[in-house]
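**Q** below is the structure, and that's it, no one-letter string:
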């Protein structure tokens, strides 16, 4: 039975977790405010779901979550870092705490958890001993939009971390990312603005959750891909600049 740790289980992470659980994975879920989501999955899938509350903005908390979950799971085959704050930060109002608020749980936590997970994965048999998958943003390397500077700085660091870790952890650990476009409408985003985002994609439709799940499953199986940041954005990155 494969074992994975997942951060960020409220939205997209929830659907990925359910998919893996139906494929007989055992999961360690890291949450800060989503205890109810964890409990729902635990009630549905039983002891194959374990969880820990942690503040991923703190380096030691991020590493502790890996250590404690691996101890319960009995090993580790995959790490999926999905957790990501997303708050507007107009440049004229930007402060140090805004950078910390985004950078620490996005990029720093990814590095801390990957570093901690690496020696556990090396204990697995086979040539490919583990896989690490994280989630970036389609606009980070193409056309970052205004008023989200702290978020995009963090995602830019995350994209770089994927390439750094792909080299550092080779040849036994594969590290890849999915750069998502519009997938699930944020609850506080007006429908009209959301539809405008969708209309800016060449395919005129949001990214299907099924596609996100299927691509994640592929990255947990592939053996000859590492350091990749795959655009899954309904073609948004080829549509031109946005504001």
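**A** Ah, there it is. Model, not experiment: these values are computed from the prediction.
**Q** list the buried ones in the top helix by length along the chain?
**A** The longest helix of the chain (DSSP state H) is helix 149-168. Within helix 149-168, the residues that count as buried by 16 or more other CB atoms under 10 Å are 149-159, 161-162, 165-166. For every residue, glycine as well, the C-beta is placed using N, CA and C.
**Q** try stretch 29-44
**A** 29-32, 34, 37-38, 41-42.
**Q** farthest-apart pair in those residues, please.
**A** 32 and 42 (16.7 Å; CB to CB).
**Q** pretty sure residue 234 sits against residue 202.
**A** Yes - counting by CB atoms under 8 Å, residue 234 touches residue 202, with 6.9 Å between them.
**Q** of those two, who's got more company?
**A** residue 234 (24 against 13; other CB atoms under 10 Å).
**Q** just the pLDDT at the more buried one, thanks.
**A** What the model reports for residue 234 is a pLDDT of 95.
**Q** name the nearest of the buried residues of stretch 29-44 relative to residue 23.
**A** Among the buried residues of stretch 29-44, and counting by CB to CB, the member closest to residue 23 is residue 41, at 14.1 Å.
**Q** mind checking which helix or strand the nearest residue to residue 203 once chain neighbours are set aside is in?
**A** Take residue 203 and drop its neighbours on the chain: the residue closest to it by CB to CB, 6 or more residues apart in numbering is residue 234, 4.1 Å away. Following DSSP states H and E, one finds residue 234 outside all helices and strands.
**Q** residues in contact with residue 5?
**A** 27-30, 65-66, 69-70, 73, 76, 78-80, 113, 117 (CB atoms under 8 Å, 6 or more residues apart in numbering).
**Q** helix, strand, or coil at it?
**A** Look at residue 5: counting by DSSP: H, G, I helix; E, B strand; the rest coil, its state is strand.
**Q** please name the nearest non-neighbouring residue to it.
**A** residue 28 (4.5 Å).
**Q** for residue 170, see how far away the one you found is.
**A** From residue 28 across to residue 170, the span is 24 Å (CB to CB, to the nearest Å).
**Q** more neighbours, the two?
**A** A count of neighbours by other CB under 10 Å puts residue 28 above the other of residue 28 and residue 170, at 23 against 12.
**Q** I'd say that one and residue 48 touch.
**A** No - at 10.1 Å, residue 28 does not count as touching residue 48 under the criterion of CB under 8 Å.
**Q** low-confidence ranges in this protein?
**A** 241-243 (pLDDT under 70).
**Q** quick one: the helices in the protein?
**A** So, for the chain - with DSSP H - the helices run 12-22, 35-45, 59-73, 96-103, 109-121, 149-168, 191-199, 209-219.
**Q** take those helices and write them to JSON lines, including distance to residue 178.
**A** Formatted as JSON lines, the helices of the chain follow (distance: least, CB to CB, whole Å):
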{"stretch": "helix 12-22", "distance to residue 178": "10"}
{"stretch": "helix 35-45", "distance to residue 178": "21"}
{"stretch": "helix 59-73", "distance to residue 178": "20"}
{"stretch": "helix 96-103", "distance to residue 178": "19"}
{"stretch": "helix 109-121", "distance to residue 178": "13"}
{"stretch": "helix 149-168", "distance to residue 178": "10"}
{"stretch": "helix 191-199", "distance to residue 178": "18"}
{"stretch": "helix 209-219", "distance to residue 178": "6"}
